[in-house]
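Asks: With the input below, show me the fold.
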Amino acid sequence: MSTEVTTAAAPVERRAELSLRGHLGRALSVVVPVLIWFAPLDIEATTKHGLAITSFMILAWITEALDHSVAGLIGCYLYWALKVVPFDIAFTGFANDTAWFLFGAALFGAMATKSGLARRMAFAVIERVGNTYSRVLLGLIITDFLLTFLIPSGIARVVIMAAIALGLMDAFGASPGSNIGRGMFLIITYAAGIFDKMIIAGAASITARGGIEKFGGVEVLWSRWFFAYLPCDVITILIAWWLTLWLYPPEQSGLSREAGYIGAELRKMGSWTFMEKRTALLMSGAVLLWLTDFVHHVSPSVIGLGVGLLAVVPGIGVLNVEDLKRVNYLPVFFVGSAISMGEVLVRTKGLDVLTKVMFAWMEPLLTNIWSLTFVLYWTGFIYHLFLASEISMLGTSIPLLMNFAKARGLDPLALGMVWTFASAGKIFAYQSSVLLVGYSYGYFQGKDLFRLGLWLTAVESLLLLLLVPLYWPLLGI
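Replies: I've put the predicted structure just below:
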């Protein structure tokens, strides 16, 4: 009897907890912006008002008081309606290619699922890596890392890995709310954001490299960056694997079917269908173009959206209008509004205020290489909470950081590399378009990302405390 009462009461307690958090979040999302708007701060009115509206968006996203896309659209509207910035600045994120690349990514997932290619790929992967959850999870993380060398786009990697994960979940008989589903989608999403900071492969690390060279006056070699983070790569793969298994132990360790299930299913599928071949051709074309962008210099976003739209063209693609109606468009609005927020902060000089505050308090704590590494990493982590784009964070702060380093006789390269790596530490989905893509599949919640993100961020901080003072000097950094 007591067990039944406890079980029945759990959903009620959960609803009460969500209701309380929602009410508290909505209250903070109103009270804090109003206080900032009317606060007697010694800054320009436009800057103060921009920060007030930005605080509403960030608080609403963090507390999940409103749907992420709705809160973002409201914030963009307030920027414009309250005359903080013109319309084209308030909604500038919707003219940014990242938001529409996300739409293309959604189409990738739709055609991989509809055609059955995702399921076939998943079974092929399981045959090679093993049929236990632990081995499959490690295989996904390693594959994610290796793809970083080939595909210079975290979003593209998440899309490709998600197609495999969807098929794997079917083989495990796992539902979206299961630990298996959460573990798989969490780790392929988060790993994609970490690895492209350890390798100069993604847009964020490429942006940082350019800023360090231009404003720091130092050469940034691809090879030096790679070897500087190589030990961290290996340890991160193992730690991420262990943490995911610990935080989200599987409901069952192996497949939900008999041992010969994989081989039987592959035989049952028979030869590739015409739709599978067409899907594979479209996706392979996209991957090939991503791999050779150093030759043609076409943006990964252009390729992703272009191939995604090609998948809808009658006679060429595999999707139809009904498939388009089932696509979730809200993440596109979320990304567009998040990027708009960063641009508004730049235009209203709110970003300058935040940056000066960050670096001003940091200086007295930089007494040695150990404290410099620790303080710089966590300052970058906190700073990133105010920006929804790694590129915006690095592009706007690297020049100031380089000036800070040169004025105090510090190594611009070391500071720039630590600061760039700090942008990999995230605990909320709005902080990165890569996280938004993984989040949009619906297999994990914000609290799951917070748990895993906080653990991995702390671990990476400890790893840097060993690498920067002890290992980097051996490489001339």
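Asks: Going by C-alpha atoms from here, please, whenever you check contacts or count neighbours.
Replies: Will do.
Asks: Need the phi and psi values for residue 64.
Replies: For residue 64, the backbone dihedrals (degrees, to the nearest 10) come out as phi 60, psi 40.
Asks: Tell me if I'm right that it and residue 23 touch.
Replies: No - using C-alpha atoms under 8 Å, residue 64 is not in contact with residue 23; the gap is 10.1 Å.
Asks: ok, the two, which is more surrounded?
Replies: Using other C-alpha atoms under 10 Å as the criterion, residue 64 and residue 23 rank with residue 64 on top: 17 against 14.
Asks: so which helix or strand takes in residue 42?
Replies: Element membership for residue 42, per DSSP states H and E: none, as it lies in no helix or strand.
Asks: Residue 102 too?
Replies: Taking DSSP H and E as the definition, one finds residue 102 inside helix 97-115.
Asks: Send me that helix as CSV with only the CA atoms.
Replies: Once non-C-alpha atoms are left out, helix 97-115 reads as follows in CSV (Å, rounded to 0.1, in the frame of the first residue of the first chain):
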residue,chain,number,x,y,z
ASP,A,97,23.0,31.3,-41.9
THR,A,98,23.1,29.3,-38.6
ALA,A,99,19.4,29.4,-38.0
TRP,A,100,18.6,28.2,-41.5
PHE,A,101,21.4,25.6,-41.4
LEU,A,102,19.5,24.2,-38.4
PHE,A,103,16.4,23.9,-40.6
GLY,A,104,18.5,22.1,-43.2
ALA,A,105,19.7,19.8,-40.4
ALA,A,106,16.1,19.0,-39.5
LEU,A,107,15.5,18.0,-43.1
PHE,A,108,18.6,15.7,-43.0
GLY,A,109,17.2,13.9,-40.0
ALA,A,110,13.8,13.6,-41.6
MET,A,111,15.1,12.0,-44.8
ALA,A,112,17.5,9.7,-43.0
THR,A,113,14.6,8.4,-40.8
LYS,A,114,12.0,8.2,-43.5
SER,A,115,14.2,6.3,-46.0
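Asks: what does that helix contact?
Replies: 93-94, 118-119, 155-156, 159, 162-163, 166, 275-276, 279, 283, 301-302, 304-309, 311, 318-319, 323-324, 327-329, 331-333, 335-336, 433, 437 (C-alpha atoms under 8 Å, 6 or more residues apart in numbering).
Asks: Can you give the distance of it from its chain's centre?
Replies: Average the C-alpha atoms of helix 97-115, do the same for its chain, and the two points are 16 Å apart (C-alpha atoms, centre = their mean, to the nearest Å).
Asks: For residue 46, list the residues it contacts.
Replies: For residue 46, the residues meeting the contact criterion (C-alpha under 8 Å, 6+ apart) are 84, 348.
Asks: show me where the stretch 1-150 of the chain has helices.
Replies: Secondary structure of the stretch 1-150 of the chain (DSSP state H, counting those that start in this stretch): helices at 2-38, 45-63, 68-81, 87-90, 97-115, 117-129, 133-150.
Asks: In a markdown table, list the ones you listed along with distance to residue 418 and mean pLDDT.
Replies: Formatted as a markdown table, the helices of the stretch 1-150 of the chain follow (distance: least, C-alpha to C-alpha, whole Å; pLDDT from 0 to 100):
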| stretch | distance to residue 418 | mean pLDDT |
| --- | --- | --- |
| helix 2-38 | 32 | 65 |
| helix 45-63 | 25 | 89 |
| helix 68-81 | 30 | 93 |
| helix 87-90 | 31 | 94 |
| helix 97-115 | 25 | 78 |
| helix 117-129 | 34 | 73 |
| helix 133-150 | 19 | 82 |
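Asks: Select, out of those helices, the one closest to residue 266.
Replies: Of all the helices of the stretch 1-150 of the chain, helix 117-129 sits nearest to residue 266, with 7.1 Å by C-alpha to C-alpha.
Asks: Packing partners of that closest one?
Replies: Counting contacts by 3 or more C-alpha pairs under 8 Å, 6 or more residues apart in numbering; DSSP states H and E, helix 117-129 is packed against helix 133-150, helix 154-172, helix 261-269, helix 274-291.
Asks: Could I get the full set of helices for the stretch 351-477 of the chain?
Replies: Ranges of helices within the stretch 351-477 of the chain are 369-384, 390-407, 412-422, 433-440, 446-466, based on DSSP H, counting those that start in this stretch.
Asks: Mind checking those for the one nearest to residue 127?
Replies: Closest to residue 127 of the helices of the stretch 351-477 of the chain, according to C-alpha to C-alpha: helix 433-440, at 24.8 Å.
Asks: Please list the residues outside the closest one that contact it.
Replies: Residues external to helix 433-440 that are found in contact with it (C-alpha under 8 Å, 6+ apart): 98, 102, 105, 154-155, 158-159, 162, 185-186, 188-190, 192-193, 328, 331, 335, 388-389, 429-430, 445.
Asks: doesn't residue 278 make contact with residue 117?
Replies: No - counting by C-alpha under 8 Å, residue 117 stays clear of residue 278, with 9.8 Å between them.
Asks: who has more neighbours, the two?
Replies: Using other C-alpha under 10 Å as the criterion, residue 117 and residue 278 rank with residue 117 on top: 22 against 19.
Asks: Tell me if I'm right that residue 215 and residue 402 touch.
Replies: Yes - A contact is recorded between residue 215 and residue 402 when judged using C-alpha under 8 Å, the distance being 5.9 Å.
Asks: shared neighbours, the two?
Replies: Between them, residue 215 and residue 402 share no contacting residue, judged by C-alpha under 8 Å, 6+ apart.
Asks: quick one: which of the two has more around it?
Replies: Taking other C-alpha under 10 Å, residue 215 and residue 402 do not tie; residue 402 has more neighbours (23 against 16).
Asks: need the contact list for the more buried one.
Replies: Contacts for residue 402 (C-alpha under 8 Å, 6+ apart) come out as 212, 215-216, 412, 415-416.
Asks: burial of residue 180, as a residue count?
Replies: For residue 180, the neighbour count with other C-alpha under 10 Å is 29.
Asks: Please apply the same query to residue 361.
Replies: Residues near residue 361, counting by other C-alpha under 10 Å: 11.
Asks: out of everything not next to it in sequence, what's closest to residue 35?
Replies: In space, not counting the residues next to it along the chain, residue 35 is nearest to residue 52; the distance is 7.9 Å by C-alpha to C-alpha, 6 or more residues apart in numbering.
Asks: Out of the helices of the stretch 1-150 of the chain, which is closest to residue 373?
Replies: Here helix 133-150 is closest among those (C-alpha to C-alpha), at 24.8 Å.
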